[in-house]
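Q: Model the structure of this input:
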Amino acid sequence: METILMILLLTALAGAVVFFALAFMKGKEKRLGYLLKSGGCLFALLAVVMIDGSKDEAFQMFMGILLLTAFAGMIAFFILAFVKGKGNRLNNFAKSGGCLFAFLVIAFIAGSMIEESPVTEEVTANVSAEDKEAEEKAKQEEEAREQAQKEQEGREAKEQAEKEQEEREAKEKAQKEQEAKEAEEQAKKEAEEKAKKEEEERKAKEEAERKAKEEAERKTKEDSVTVSQKQAVAMAEQYLNFTAFSKSGLIDQLKFEGFSTEDATYGVENISVDWQEQAVIKAQEYLDFTAFSRQGLIDQLIFEGFSKEHASYAVSQVGL
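A: Now for the predicted structure:
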């Protein structure tokens, strides 16, 4: 495609030059037709250039073609001024000067374009450089964001790992403390159970020793009890089966029966009796036979050998 456009470009350029030259070489009657043909070739040349490149490049090339055409016309008319004779020399010099003027104008316009083009190219280059710099900056910022994100993720992962490690250590520590506490409580419980068992064994041993001692003392005492003392015990029980007595009153009664003070005391102390209950029974016996005031009955019971506490209790129990 580029080859075809180049051929068309050269053909249009050659046609424009040839028809322009023929316009001044073939006479005035055909000049207009050749100029039109030359203009058509220039138009075709411009169209091909626009198809082949950008508008700026096409315009620059078009200006170059006009520049070459003006330069060629200037040379051609200058040569014709000496070739055609003196009659047409002034006219050919004028035409050569017109081509020179056109050449200078076109050169001026092309120079201005050439001066503006670098500026445009520089601006384009600057814009391109700025775009590239902005793109590079955006790329660097994106990389920086990605790096920051990776660092943030790394920090978060590290913090998460440290947190999990701390939680594991705290859990293990709490578990160890719990196990140590349970072991301590178990040891304490075992020690308490052992102490309790030892205490029970000690008490059982002491109780067994006490019972053995009491049994031994009882046996020894029984072995040492005289017949008179045994009789005193039996008689004290017999008296209590018929009536109530205080302790001192029963001892006096046994002494009255002929027992010694020692045997009478032994007999009373070796029977099972509740002296407070005996006071109540005695108070009731008195009321069954005669009337008493509260204080009179208390005094009577005290006279019988009961304590003041037992006498007061007994009187209260019988309703006084």
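Q: Averaged over its residues, which helix or strand of the protein has the lowest pLDDT?
A: helix 31-52 (a mean of 68; mean pLDDT, DSSP states H and E).
Q: where exactly do the strands run in this protein?
A: Residue ranges of strands cannot be listed for the chain, since DSSP state E assigns none.
Q: Break it down into its structural domains.
A: The chain breaks down into these structural domains: 2-117, 226-317 (assignment by automatic domain parsing).
Q: Quick one: closest of these to residue 181.
A: If you check each of these against residue 181 by CB to CB, domain 226-317 wins as the nearest, at 54.9 Å. All C-beta spots, glycine's among them, are computed from the backbone N, C-alpha and C.
Q: Give me the distance between the two termini of the closest one.
A: For domain 226-317, the first and last residues are 39 Å from each other (CA to CA, to the nearest Å).
Q: Residue numbering should commence at 18 henceforth.
A: Understood, numbering begins at 18; the last thing we discussed is domain 243-334.
Q: just how off-centre is it within its chain?
A: Using CA atoms, centre = their mean, to the nearest Å, we find the averaged C-alpha position of domain 243-334 to lie 89 Å away from the chain's own average C-alpha position.
Q: pLDDT (mean, whole number) over it?
A: Confidence over domain 243-334 (mean pLDDT, whole number) is 90.
Q: For the stretch 218-337 of the chain, just list every one of the helices.
A: With DSSP state H, counting those that start in this stretch as the definition, the stretch 218-337 of the chain shows helices at residue ranges 244-259, 264-273, 278-286, 292-306, 311-320, 325-334.
Q: buried ones in the first one?
A: Read it as helix 244-259. By 16 or more other CB atoms under 10 Å, the buried positions in helix 244-259 come out as 246, 248, 249, 250, 252, 253, 256, 257.
Q: same deal with stretch 287-304?
A: Of the residues in stretch 287-304, those buried (16+ other CB under 10 Å) are 290, 292, 295, 296, 297, 298, 299, 300, 303.
Q: OK, contacts around the closest residue to the third one other than its chain neighbours?
A: By the measure of CB to CB, 6 or more residues apart in numbering, the closest residue to residue 295 outside its immediate chain neighbours is residue 261, 4.6 Å from it. Applying CB atoms under 8 Å, 6 or more residues apart in numbering, one finds that residue 261 lies in contact with 295, 296, 298, 299, 302.
Q: quick check, nearest of those to residue 329?
A: Closest approach between those and residue 329, by CB to CB: residue 296, at 9.1 Å.
Q: so what's that closest one up against?
A: Under the contact definition (CB under 8 Å, 6+ apart), the residues listed for residue 296 are 261, 263, 318, 323, 327, 328, 330, 331.
Q: Pick out whichever of those sits closest to residue 21.
A: Minimum separation from residue 21 among the contacts of residue 296 (CB to CB) is found for residue 330, which lies at 150.9 Å.
Q: quick one on the thing from earlier: quick check: the residue nearest to residue 295 vs residue 252, distance?
A: If you measure residue 261 against residue 252 using CB to CB, to the nearest Å, the figure is 16 Å.
Q: same question, residue 263
A: Between residue 263 and residue 252 the distance, using CB to CB, works out to 16 Å.
Q: For the stretch 18-167 of the chain, which segments count as helices?
A: Under the criterion DSSP H, counting those that start in this stretch, the stretch 18-167 of the chain carries helices at the ranges 19-42, 48-69, 72-100, 106-241.
Q: Residue 106 reaches residue 99, doesn't it?
A: Yes - in terms of CB atoms under 8 Å, residue 106 counts as a neighbour of residue 99; the distance is 7.1 Å.
Q: who has more neighbours, those two?
A: Relative neighbour count places residue 106 above the other of residue 106 and residue 99, with 14 against 11, counting by other CB atoms under 10 Å.
Q: Chain neighbours aside, what residue packs nearest to the more buried one?
A: Taking CB to CB, 6+ apart, and ignoring the residues beside it in sequence, residue 106 has residue 98 as its nearest neighbour in space, at 4.6 Å.
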